[in-house]
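Engineer: A predicted structure for the sequence below; I have some questions about it.
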Amino acid sequence: MESTRDIKRRIKSIKNIQQITRAMEMVAANRLKKAEARVLSARPYTQNINNILYRLMGSTPEKAHFFNPKKEVSKILILLITSDKGLCGAYNTNIIQHTLEFIRENSQKEIKLHLLGRKGFVRFQNKPYEIEKYYKETVEQLSLSSLQIGDNKITEIAGKLIKDFEENVFDEIYLFFTKFKTVMKSIPSKLRLLPIASGDSTSEKPEEGKLLGYYILEPSSEAIFSNLLPKYIEAQLRQAIFESLTAEFAARRVAMIAASENAEEVIDDLTRSFNRARQEAITKELLEVVSGSEALAK
């Protein structure tokens, strides 16, 4: 059995760790509150811009390739969002496994990766997967950049994706991220960015050559579509980053709560062990005193 000194040292060490996990839990809870408000306020805009594009689809047949999947898909781009830091439970593992399942299902196709977040890069850098682009900016930096007016990194990424799709560099472009549901639940998600997939099953899809409702389009439906498409890609990227960050903060908070509770249990176990060790030491000393006194008496 360990000495009382060793047990006391372990208890002190675990208490120090517990203080850190509780502090991290408080920080994650504070950041989660702000991130959750941001992601909920951004969802209506992202959903509605998708619906508007589908309403324009019928009046812009020259842009049909942005909606209609190709019959033969051979080149796929995956844009994966993970975290830059650990200590967030199974957050990164779940989205990476979700991505790997998709890669295995499409193993006969040429797949390239664009990675946002250091954990995804660490996972794929020494594996037989082609990383075409790793964005060195943190996911949080990208989220702040996306809120700026004018040119920002999200605008740059969206423009590059549209250009690659139009030039047939890729037949399909997919976005993999973690969708925030509740503090206790987040879902690894996949969205086909191009060709555009309806993210809302309730979205109204017009018949070919028709618009839903009555619209007067100025200057033209094609000009509106050309200006709206980059905004749509930016909105989807921004929303995915917001969702992923919120899910990360929620996962970190839950992980730190569990870590603090586990530390408390370990401290309780060590305290009992310390009391037993101390009791045994006292009993041993008493026996030695009694044995010594009896020996002197004889």
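Structural biologist: Now that the structure is in, tell me what you want to look at.
Engineer: quick check: domain ranges of the protein?
Structural biologist: Domain assignment for the chain by automatic domain parsing gives 4-18+256-297, 30-249.
Engineer: Mean neighbour count, the ones you listed: which tops it?
Structural biologist: domain 30-249 (a mean of 17; mean count of other C-beta atoms under 10 Å). Backbone N, C-alpha and C define where each C-beta goes, glycine included.
Engineer: Secondary structure element holding the residue nearest to Ala259 when sequence neighbours are not counted?
Structural biologist: Spatial nearest neighbour of Ala259, excluding adjacent residues (C-beta to C-beta, 6 or more residues apart in numbering): Thr21 at 4.3 Å. Element membership of Thr21, judged by DSSP states H and E, is helix 4-57.
Engineer: Repeat that for Lys85.
Structural biologist: Counting by DSSP H and E, Lys85 is part of no helix or strand.
Engineer: That one and Asn68: what is the separation?
Structural biologist: Counting by C-beta to C-beta, to the nearest Å, the gap from Lys85 to Asn68 is 40 Å.
Engineer: which residues of this structure score low on pLDDT?
Structural biologist: The chain contains residues with pLDDT under 70 at 1, 58, 146-151, 198-217.
Engineer: Do I have it right that Ser143 meets Glu248?
Structural biologist: No. Under the criterion of C-beta atoms under 8 Å, Ser143 makes no contact with Glu248, lying 10.8 Å away.
Engineer: give the contact list for the residue most central in space within the chain.
Structural biologist: Closest to where the C-alpha atoms of the chain average out (C-alpha atoms, centre = their mean) is Ser244, at 3.6 Å. Neighbour list for Ser244: Ile81, Thr82, Ser83, Ile95, Gly117, Val139, Phe177, Thr178 [criterion: C-beta atoms under 8 Å, 6 or more residues apart in numbering].
Engineer: Now it, what are its backbone angles?
Structural biologist: phi -60, psi -40 (degrees, to the nearest 10).
Engineer: Check the gap between it and Ala42 for me.
Structural biologist: To Ala42, Ser244 is 13 Å away according to C-beta to C-beta.
Engineer: what ranges do the strands span in this structure?
Structural biologist: Counting by DSSP state E, the chain has these strands, from start to end: 75-81, 110-116, 130-135, 172-182, 185-194.
Engineer: Go through those strands and name the closest to Leu229.
Structural biologist: strand 185-194 (9.2 Å; C-beta to C-beta).
Engineer: now for that closest one, which elements pack on it?
Structural biologist: Counting contacts by 3 or more C-beta pairs under 8 Å, 6 or more residues apart in numbering; DSSP states H and E, strand 185-194 is packed against helix 91-105, helix 153-166, strand 172-182, helix 221-297.
Engineer: Return the alpha-carbon coordinates of that strand using CSV.
Structural biologist: Provided in CSV are the C-alpha atoms of strand 185-194 (Å, rounded to 0.1, in the frame of the first residue of the first chain):
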residue,chain,number,x,y,z
LYS,A,185,-26.4,16.4,-28.5
SER,A,186,-24.6,17.4,-31.7
ILE,A,187,-24.8,15.6,-35.1
PRO,A,188,-22.0,15.0,-37.6
SER,A,189,-23.4,16.4,-40.8
LYS,A,190,-22.8,16.4,-44.5
LEU,A,191,-24.0,19.1,-47.0
ARG,A,192,-23.4,19.1,-50.8
LEU,A,193,-22.4,22.6,-51.5
LEU,A,194,-22.1,22.2,-55.3
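Engineer: what angle separates that strand from strand 75-81?
Structural biologist: Interaxial angle of strand 185-194 relative to strand 75-81 (axes from the mean of the first three to the mean of the last three C-alpha atoms, to 10 degrees): 140 degrees.
Engineer: Next, work out how far apart the nearest residue to Ser186 once chain neighbours are set aside and Leu87 are.
Structural biologist: Excluding the flanking residues, the one nearest Ser186 by C-beta to C-beta, 6+ apart is Ala247, at 3.7 Å. Ala247 sits 14 Å away from Leu87, going by C-beta to C-beta.
Engineer: surely Glu234 meets Ile154?
Structural biologist: Yes. Using C-beta under 8 Å, Glu234 makes contact with Ile154 at a distance of 5.3 Å.
Engineer: picking that back up, and the residue nearest to Ser186, how close does it get to Cys88?
Structural biologist: Per C-beta to C-beta, Ala247 is found 9 Å from Cys88.
Engineer: how about Arg38, what does it touch?
Structural biologist: Residues near Arg38 by C-beta under 8 Å, 6+ apart: Phe242, Thr246.
Engineer: now do 10 Å
Structural biologist: Contacts of Arg38 were listed using C-beta atoms under 10 Å, 6 or more residues apart in numbering, and they are Ser143, Leu147, Phe242, Leu245, Thr246.
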